[in-house]
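S.K.: sequence plus the predicted model coming up.
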Amino acid sequence: MSCDLPRDADGTLNRVRGGVLRVGVAENRPWTQRVDTGVTGLEVRLARELASELDARPAWRVGSEASLLEALKARQLDLVIGGFTASSPWNGRVAFTRPYEQGRSPVHVLATSPGENAWLVRVDQFLQAHGAEAVLSELDK
């Protein structure tokens, strides 16, 4: 008998691998920003690196925090970025990663769909492995 925990209720991790990572972007500089050529920012870079590791193509959807997090909750998006902090009022309605910044306050998190536990674990592993040091070092410049 094998243990397949954690699991995704809707198979997000399996769908994203080799496919499309649907990313909601709530504008919040320097974490996320809309520009003429698309989106940019520290968390945009993290999402691009995550997609690359999963051999996926990011598909960006820019909108308000509330509309994007509602879409995430309805599993229309896989990840929402926008400089969210661990104390967000959305905590409990969507799933937040572990803080990817160590030693900073307030700590920042990324948002994933609730119940997609394998996906959340994979995003957490990515953030832990990358530590976001390279991205966050730009804040110190």
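M.R.: Noted; the coordinates are in hand. Numbers count the residues shown, from 1 in each chain.

S.K.: in this structure, which spans are strands?
M.R.: All strands of the chain, identified by DSSP state E, fall at 20-25, 33-35, 38-40, 57-62, 79-85, 95-96, 108-112.

S.K.: tell me the most buried of the ones you listed?
M.R.: strand 108-112 (a mean of 25; mean count of other CB atoms under 10 Å). (Each C-beta comes from the backbone N, C-alpha and C, glycine too.)

S.K.: now do the top helix by length along the chain, average pLDDT.
M.R.: Longest helix of the chain, by residue count under DSSP state H: helix 117-130. Averaging the model's pLDDT scores along helix 117-130 yields 93.

S.K.: can you check stretch 58-76 too?
M.R.: 97.

S.K.: got the contact list for it?
M.R.: 10, 12, 20-27, 34, 38-39, 47-48, 51, 77-80, 82, 90, 93-94, 111-114, 116 (CB atoms under 8 Å, 6 or more residues apart in numbering).

S.K.: now the end-to-end length of it.
M.R.: Its first and final residues considered, stretch 58-76 spans 14 Å by CA to CA, to the nearest Å.

S.K.: on that earlier part again, okay, the strands of the chain in a markdown table with distance to Gln125 next?
M.R.: Output for the strands of the chain, formatted as a markdown table (distance: least, CB to CB, whole Å):
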| stretch | distance to Gln125 |
| --- | --- |
| strand 20-25 | 15 |
| strand 33-35 | 27 |
| strand 38-40 | 24 |
| strand 57-62 | 18 |
| strand 79-85 | 14 |
| strand 95-96 | 14 |
| strand 108-112 | 13 |
